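Asks: Below are the sequence and a predicted model; questions follow.
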Amino acid sequence: MTRSLGAAVLAGFTLLTGVACDFPTNTSSSKAGQPSVASYTPRRFMIDVGGGAITSEPGAAVASSFFKDAKTLPVLGRALIDADYVPEAVPVVVLSHGLWKQRFESSPSIIGQELVIDDRRMTVVGIMPESFAFPEGARLWVKR
């Protein structure tokens, strides 16, 4: 996409006038193994952990390209896939290794189980490696 910039002087900086610039329109990763900013939205999620207890956890709502761009596979189960993004798809979630260990005692049987996240039932489909926490501090990922 090409946009033309106007002229201005702001706090000693001169902005160029009449310069056409090409702005990239793709959402490819800017660093190898790191999804682009356009492919996720950091946010907090409320998780019902049973017995009436609710915990707030950091995570991200992610685009279908997020895990492909991250070039990191889950240690258990799978990442989100294109089929998870069709309207009739069952809501799914991928957990961080830390959340899996802390809240679910590293039980592999969590795969396929339902959690209530933000008042919606979501099926756990994957556990990411211990080293993966992108965006910084994320403990779960859902489709955007």
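Replies: That came in fine, so what should we check first? Source: prediction; values computed, not measured. Residues are numbered from 1 along each chain as shown.

Asks: Which of the helices or strands spans residue 68?
Replies: When elements are assigned from DSSP states H and E, residue 68 belongs to helix 66-70.

Asks: what packs against that helix?
Replies: Applying 3 or more CB pairs under 8 Å, 6 or more residues apart in numbering; DSSP states H and E, one finds that helix 66-70 contacts no other helix or strand. Every C-beta, even on glycine, is put in place using the N, C-alpha and C of the backbone.

Asks: so after it, what's the next helix or strand?
Replies: strand 76-77.

Asks: List the neighbours of that next one that are in contact with it.
Replies: Among residues not part of strand 76-77, those counted as contacts by CB atoms under 8 Å, 6 or more residues apart in numbering are 94, 100, 108, 111, 124-127.

Asks: buried ones in stretch 107-118?
Replies: For stretch 107-118, burial by neighbour count (16 or more other CB atoms under 10 Å) applies to 110-111, 115, 117.

Asks: scratch that, stretch 90-104
Replies: Applying a neighbour-count criterion of 16+ other CB under 10 Å, the buried positions in stretch 90-104 are 92-100, 103-104.

Asks: one step back: in the contacts of strand 76-77, find the pair that's most separated.
Replies: With distance counted by CB to CB, no two of the contacts of strand 76-77 lie farther apart than 94 and 108, which are 14.5 Å apart.

Asks: All set now, cheers.
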